[in-house]
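Undergrad: This is a predicted model, with the sequence first.
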Amino acid sequence: MRETLELSYLTAAEALAQFRAKTLSPVEYLRAVIERCERVNPKLNAFTYTFFERALELAKDAEARYVKGTNVRPLEGIPVVIKDLHPVEGEITTCGSRVLEGVRSEYTAPAVQRLFDAGAIMHARSTTPEYAHAGYTYSALWGVTRNPWNLDYSPGGSSGGAGAALASGMTALADGTDGGGSIRIPSSACGVVGYKPPFGRNPLNILPTNFELLLMIGPMARSVEDVRLMQNVMCGPHVADITTLRPKLEIPEALEGIEGWKIAYSPDLGYVQVDPEVQSNTLDCVAAFKELGCRVDEVDVGWNWGVLDAWQTHWESLSAALLGDIVGRYRYEEMNRFLVQTVQTGLTHSAEKLKKTEYVRTEMWKTLGPILEKYDVLICPTLAIPSVAAEHDPLDPGFEINGRRVDPYVGWYFTYQFNLLSQLPVMSVPSGFSSAGVPTGLQIVGRPYDDISVFRAAKAFEQVRPWRHHHPAI
């Protein structure tokens with residue numbers, strides 16, 4: 001029997017190759033992953049519900065398909081954790097809230113169903129803060145989720161359980177949603193890869209509306225290739241979501257290099273305070289792209305804190321629309337106090353104020369658009385700091401970066417800006433480590449709907465700055 005740790009850290013692509021070669025069984029692989037879950041999840045609290053026995057039965061079915069060599073699907077036998085925000089028919093989906101404790105979903109989100117139809121096996125549900133409202137992961141219902149690199153820190157959020165599970169070898173694949181950075185924040189803090197597809201690329205269908213521009217569903221994994229495999233399964237038009245794009249975009253396996261590219265680099269997007277360790281790791285990424293034969297120029301995006309105000313106005317208004325009735329029906333002590341405050345603030349916004357957030361988006365594009373016309377991609381940090389404390393207070397009046405007071409809720413992200421410009425594809429890849437042992441991340445931002453360029457840049461970067469050999473000592 002091969003070592004559990006070795007098997008649990010295989011990428012999906014590596015496992016699939018070994019399944020096809022019949023040098024590894026999906027059952028053996030899943031057992032190693034389950035053993036890893038049982039060993040480390042008590043320290044991390046990354047899961048709500050687990051389905052180990054059922055998953056093993058599905059792994060046996062996958063094994064039989066490989067033995068017969070027929071009807072083998074793209075993700076056959078690969079373990080995946082599904083976020084506790086995404087409906088799975090017949091399963092409890094709490095959204096991290098006491099309000100939904102014990103409530104079972106009546107349908108499966110289309111992008112999740114596509115993962116199942118491709119042969120991926122759900123062995124657990126990943127934790128999220130209540131109604132995915134935050135960039136850290138804890139809730140009154142499920143408790144605190146911790147970062148496997150340093151248990152004092154958060155794995156990020158709102159797909160924090162997914163990031164922690166990937167980084168600790170408890171799954172090969174995970175899904176996430178991203179309305180302000182909820183895929184990219186945990187990807188950065190946990191040292192994994194996360195992709196926010198452009199609006200309409202993947203069917204959402206987890207809200208009462210499919211027209212919400214801020215929110216996307218996408219893949220998380222430990223390698224760019226695994227993210228590619230997932231994205232090719234999750235994307236494409238779907239009858240349940242009128243906003244999905246036609247035709248389906250297929251990211252090719254063989255991605256061309258990027259020698260000769262021109263890359264724009266912004267250290268701060270014009271206004272964000274950045275931790276020195278994050279700055280240093282980002283500059284190392286700049287050097288890596290130069291090693292690849294790229295020209296890298298620092299650019300002035302020219303944005304300001306009005307961008308944050310626009311995102312918060314939109315987010316608060318969305319929260320009010322989704323949860324206003326719920327907050328009205330339940331005692332406040334049953335819900336996260338900051339989430340309740342967010343909803344209450346959203347209920348005060350006028351239609352005029354909400355509509356004017358589009359003016360901010362338009363102004364943002366007036367400066368970034370010409371840059372992306374001149375350059376192939378833009379790079380910048382994913383987070384301004386490695387992470388926050390596992391029990392971070394989003395109302396902390398003393399929260400600072402570089403001695404300057406910043407917003408403790410989203411003032412440490414470089415992510416929500418690209419939810420306002422949701423047509424841009426963005427990938428977060430690991431950029432290095434902090435002195436606390438917590439990883440840092442780099443965002444690669446593409447032109448509108450130019451997913452392939454983002455994948456090309458990420459793949460090339462991964463080859464010169466490989467991170468697969470780094471694992472947390474947990």
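TA: Done, it's in. Numbers count the residues shown, from 1 in each chain.
Undergrad: so who does Gln417 touch?
TA: Listed by CB atoms under 8 Å, 6 or more residues apart in numbering, the contact set of Gln417 reads 269, 303, 307, 311, 364. Every C-beta, even on glycine, is put in place using the N, C-alpha and C of the backbone.
Undergrad: Quick check: chain neighbours aside, which residue is closest to the fourth one?
TA: With CB to CB, 6 or more residues apart in numbering as the measure, Tyr416 is the residue that lies nearest to Trp311, at 4.4 Å, once sequence neighbours are left out.
Undergrad: ok, now which ones touch Ile183?
TA: Contacts of Ile183 by CB under 8 Å, 6+ apart are 159, 176-177, 194-196, 216, 218, 220, 428.
Undergrad: And Arg36, by the same measure?
TA: Arg36 makes contact with 4-5, 8, 168-170, according to CB under 8 Å, 6+ apart.
Undergrad: thinking again about what came up before, look at the residue nearest to Trp311 and say how many residues are nearby.
TA: Burial of Tyr416 is recorded as 24 neighbouring residues (other CB atoms under 10 Å).
Undergrad: Ok, Val27 next?
TA: Per other CB under 10 Å, the neighbour tally for Val27 reads 18.
Undergrad: Likewise for the one 4 residues further on?
TA: By other CB under 10 Å, the residues close to Arg31 number 19.
Undergrad: That one: what secondary structure?
TA: For Arg31, the assignment made with DSSP: H, G, I helix; E, B strand; the rest coil gives helix.
Undergrad: What distance do you get for the nearest residue to it once chain neighbours are set aside to Glu35?
TA: Spatial nearest neighbour of Arg31, excluding adjacent residues (CB to CB, 6+ apart): Leu56 at 7.2 Å. Look at Leu56 and Glu35: by CB to CB, to the nearest Å, they are 12 Å apart.
Undergrad: hey, C-alpha coordinates of the helix or strand harbouring Val454 in PDB?
TA: Assessed by DSSP states H and E, Val454 sits inside helix 451-464. The C-alpha trace of helix 451-464 is given here as PDB (Å, rounded to 0.1, in the frame of the first residue of the first chain):
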ATOM      1  CA  ASP A 451     -10.000  33.000 -20.100                       C
ATOM      2  CA  ILE A 452      -7.300  31.200 -22.200                       C
ATOM      3  CA  SER A 453      -4.700  34.000 -21.700                       C
ATOM      4  CA  VAL A 454      -5.200  33.800 -18.000                       C
ATOM      5  CA  PHE A 455      -4.700  30.000 -18.100                       C
ATOM      6  CA  ARG A 456      -1.600  30.400 -20.300                       C
ATOM      7  CA  ALA A 457       0.000  32.900 -17.900                       C
ATOM      8  CA  ALA A 458      -0.800  30.800 -14.800                       C
ATOM      9  CA  LYS A 459       0.500  27.600 -16.400                       C
ATOM     10  CA  ALA A 460       3.700  29.300 -17.400                       C
ATOM     11  CA  PHE A 461       4.200  30.800 -14.000                       C
ATOM     12  CA  GLU A 462       3.500  27.500 -12.300                       C
ATOM     13  CA  GLN A 463       6.300  25.900 -14.300                       C
ATOM     14  CA  VAL A 464       9.000  28.400 -13.200                       C
END
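Undergrad: What average pLDDT does it get?
TA: Summarised as a single mean, pLDDT over helix 451-464 is 98.
Undergrad: Likewise for stretch 248-255?
TA: Mean predicted confidence for stretch 248-255 is 98.
Undergrad: tell me how far it is from the chain's mean position?
TA: In terms of CA atoms, centre = their mean, to the nearest Å, the centre of stretch 248-255 is found 20 Å from the chain centre.
Undergrad: go on, stretch 39-46?
TA: Remark: stretch 39-46 is offset 20 Å from the chain centroid, using CA atoms, centre = their mean.
Undergrad: what are the phi and psi angles of the residue of the chain most remote from its centre?
TA: Distance from the C-alpha centroid of the chain peaks at Lys68, with 35.6 Å (CA atoms, centre = their mean). When read as degrees, to the nearest 10, the backbone of Lys68 gives phi -80, psi -30.
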